[in-house]
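Engineer: Below is the sequence, then the predicted model.
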Amino acid sequence: MQVTRSLVAVAVLAIVPGRAGADDATNDATIDRRGSGDAPTDELDLRLTLSSLLYRESSGDADPFSMGGAPIEVASPVRRYFGDLRLELSGSGLAFDGRVRQTTSQRYQAGAGAGGEYEIRTLAYRLGAGLTKLVVGRQYVDAVGATKIDGAAVLRRLSKVWAATLFGGAYPALGSRSIDTDYPAIRKADGTTGAPLIPISGGLGISYNTPNVHGDLGAAAVFVAQDVPDAVAGAVADGTSAGRSRVFTTASGYARPAAWLDCYHFALLDLAGGVHLTNGSAGINAHPMANLQLSAAVNHVSTDLLQIAARNVLSDPDPTAIGVVQNDISVIRVSQDSVRGGTSVALHHARFELSLSGGYHRRPGVAITQPDGAQVTFPAARSADTTLAVLDRKSIAGMRVSASASLTFPIGNEVPNRARGGVVRLAAMRTFLDSRAELTADLMLERFRDAASAKPCTDSLDVFACFSTSTTGGGQGGVLGSYRVAREWLVLLDTHIGLRDVHTSSVMGTIGWPRVFSLTAFARVQWRYR
């Protein structure tokens, strides 16, 4: 008898505004971007960074739900620990950025599983000089949304304002943080693995640069020529051909139309199977007066992945039933929209700063079709938040002291618009030893409460009525210190202790869970030669 179960894969890879197709490597792209951007200096720049993180939770066990049952473990059983060594090198046309991370044997330590990660973020060499350059190796193509490739890119300076980039190569898996997951093996219907899945990517980007305006326009395509079993099951509802290809365009830019106004934007449009805005943002920063700053931004983030690659990762063939796949996979496009605005006022010769900001968040409704044809629709969720912050740059004993309070609340009565609460933060920072050392102490308190369902719980299968409501309180406090030992050496230490208290109410009554204590410790030593 064939047994199937339905698995809905909601895959949302939040891309940092201004970047597409790149992972967290682009957040600190000092070395990364030199693989495909403008020609770097030939001076040697070498950086070694050793980091280590420890996180653990402890708590008593809760009473079993049934007579004679096992106690319920409340704290996370995973003790997260890793050591991370990163090397960044650039000079004479070579750009390298790689790291080795070793974790404990427990799952969920780093990336998708435990063990070691061996990541190469950039390994590229620049050939040529003058108007035309060739970059070969692993690199990020900035002119096309920082698309990551293993291949080659030709950069051509067209004029003082315009430049073009033509690239092509293999396309590593989005989100991969190790060379052994950059190109995952194809999963066959009998549960065995085949050859690596190697998508091919290529495209063209145009860059422009003037004193007050600069940006990029690009277009690219990704295609999988290999045969992936049961690929149709991984197709998205928008009609993409088995999720085998992806075509997208990107645009990013910055402009200063006036001395007091900065504008920026980013857009990533998927074109295969219909036009979809995968990532988009636009915003302004204005300072009409010396002591006043205004900001406003809108952002949209949607699913960003190659559907055939998602199917390959999420499929779960049963080795005992040849040809039978246990999951009916559906990749659903889920998006999030937000609008934010804020203002900051400097007072008393800029010693004090008062800031007020707020945001509106929305997730559209999501309809999921089950194997029997029935649909489950999750209603749209909307919420808003507001934050008030006060900063004193020259407080008692020369400290820099800040305090903020944030409120988050749902809008409307739709499920799952449930949680409302607040967060209060206090922080004090002071420098020592001619600003070579810095010490920051901070404290955070929070409380959130779920709203009760407006529908009676008459059917245990009604996911919108038969759920529990929780009240969560917690706090965290600790110290962050840094010390620049010499021009080349930097040491950073951080330790925080947290507390979480949860009470849950359901049709079974009220449950007071044991308190959970957490410990977070982080250390980093960095050496840099330049």
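Structural biologist: Noted; the coordinates are in hand. Residues are numbered from 1 along each chain as shown.

Engineer: where in this structure is pLDDT low?
Structural biologist: By pLDDT under 70, the weakly predicted segments of the chain are 1-42, 105-114, 189-191, 229-243, 311, 313-331, 371, 414-417, 453-466, 507-508.

Engineer: mind listing what's buried in stretch 389-406?
Structural biologist: Residues of stretch 389-406 classed as buried by neighbour count (16 or more other Cβ atoms under 10 Å): 389, 391-393, 395, 399-402, 404, 406. In this view, the C-beta of every residue, glycine as well, is placed from N, C-alpha and C.

Engineer: Check stretch 444-451 too.
Structural biologist: For stretch 444-451, burial by neighbour count (16+ other Cβ under 10 Å) applies to 444-446, 448, 450.

Engineer: Just these: which are in strands?
Structural biologist: Under the assignment DSSP state E, the buried residues of stretch 444-451 contribute 444-446, 448, 450 to strands.

Engineer: and Pro211, how many neighbours?
Structural biologist: 6 (other Cβ atoms under 10 Å).

Engineer: For it, give me phi and psi.
Structural biologist: Backbone geometry at Pro211, expressed as degrees, to the nearest 10, gives phi -60, psi -30.

Engineer: Ok, Gly398 next?
Structural biologist: Residue torsions, per degrees, to the nearest 10, at Gly398 are phi 70, psi 20.

Engineer: What residues does the residue nearest to it when sequence neighbours are not counted make contact with?
Structural biologist: Leaving aside its chain neighbours, Gly398 sits nearest to Arg430 (6.0 Å; criterion: Cβ to Cβ, 6 or more residues apart in numbering). Contacts for Arg430 (Cβ atoms under 8 Å, 6 or more residues apart in numbering) come out as 397-400, 438-439.

Engineer: quick one on the thing from earlier: which pair in the buried residues of stretch 389-406 spans the largest distance?
Structural biologist: In those, the most distant members under the criterion Cβ to Cβ are Met399 and Ser406, with 22.5 Å between them.

Engineer: how much space between Glu57 and Glu73?
Structural biologist: In this view, Glu57 and Glu73 are 10 Å apart by Cβ to Cβ, to the nearest Å.

Engineer: In the stretch 401-530 of the chain, what residue spans correspond to strands?
Structural biologist: Ranges of strands in the stretch 401-530 of the chain, per DSSP state E, counting those that start in this stretch, are 419-432, 437-450, 469-483, 489-506, 509-512, 516-529.

Engineer: and Gln102, which of those is closest to it?
Structural biologist: Closest among the strands of the stretch 401-530 of the chain, using Cβ to Cβ: strand 516-529, at 14.9 Å.

Engineer: okay, Glu57 and Glu73: which has more neighbours?
Structural biologist: Each of Glu57 and Glu73 has its neighbours counted (other Cβ under 10 Å); Glu57 has more, 17 against 12.

Engineer: Ala143 should be in a helix, yeah?
Structural biologist: Yes - assessed by DSSP: H, G, I helix; E, B strand; the rest coil, Ala143 belongs to a helix.

Engineer: so how many other residues sit close to it?
Structural biologist: Neighbourhood size, Ala143 [other Cβ under 10 Å]: 28.

Engineer: List the residues that contact the residue lying closest to it once chain neighbours are set aside.
Structural biologist: The shortest distance from Ala143 to any non-neighbouring residue, by Cβ to Cβ, 6+ apart, is to Gly205 (2.7 Å). Contacts for Gly205 (Cβ under 8 Å, 6+ apart) come out as 141-144, 164-165, 167, 216-219, 250.

Engineer: filter these to the buried ones?
Structural biologist: 141-144, 165, 167, 216-219, 250.

Engineer: what would those look like in a markdown table with distance to Arg47?
Structural biologist: Formatted as a markdown table, the buried ones among the contacts of Gly205 follow (distance: Cβ to Cβ, whole Å):
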| residue | distance to Arg47 |
| --- | --- |
| Val141 | 23 |
| Asp142 | 20 |
| Ala143 | 25 |
| Val144 | 27 |
| Thr165 | 26 |
| Phe167 | 26 |
| Asp216 | 27 |
| Leu217 | 32 |
| Gly218 | 29 |
| Ala219 | 34 |
| Thr250 | 29 |
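
Engineer: Closest one to Asp63 out of these, please.
Structural biologist: Thr250 (54.3 Å).

Engineer: My impression was that that closest one belongs to a strand - is that right?
Structural biologist: Yes - under three-state DSSP, Thr250 sits within a strand.

Engineer: Grab the nearest non-local neighbour of it.
Structural biologist: Sequence neighbours aside, Gly145 is the residue nearest to Thr250 in space, at 3.6 Å (criterion: Cβ to Cβ, 6+ apart).

Engineer: So which other helices or strands are in contact with the host helix or strand of Gly280?
Structural biologist: Under the criterion of DSSP states H and E, Gly280 resides in strand 276-289. Contacts defined by 3 or more Cβ pairs under 8 Å, 6 or more residues apart in numbering; DSSP states H and E place strand 276-289 against strand 261-270, strand 292-301.

Engineer: ok, and which of these has the densest surroundings?
Structural biologist: Highest mean neighbour count among the helices and strands packed on strand 276-289 (mean count of other Cβ atoms under 10 Å): strand 261-270, with a mean of 19.

Engineer: so what strands line up beside that one?
Structural biologist: Strand 261-270 has its sheet partners listed here by DSSP bridges as strand 245-258 (antiparallel), strand 276-289 (antiparallel).
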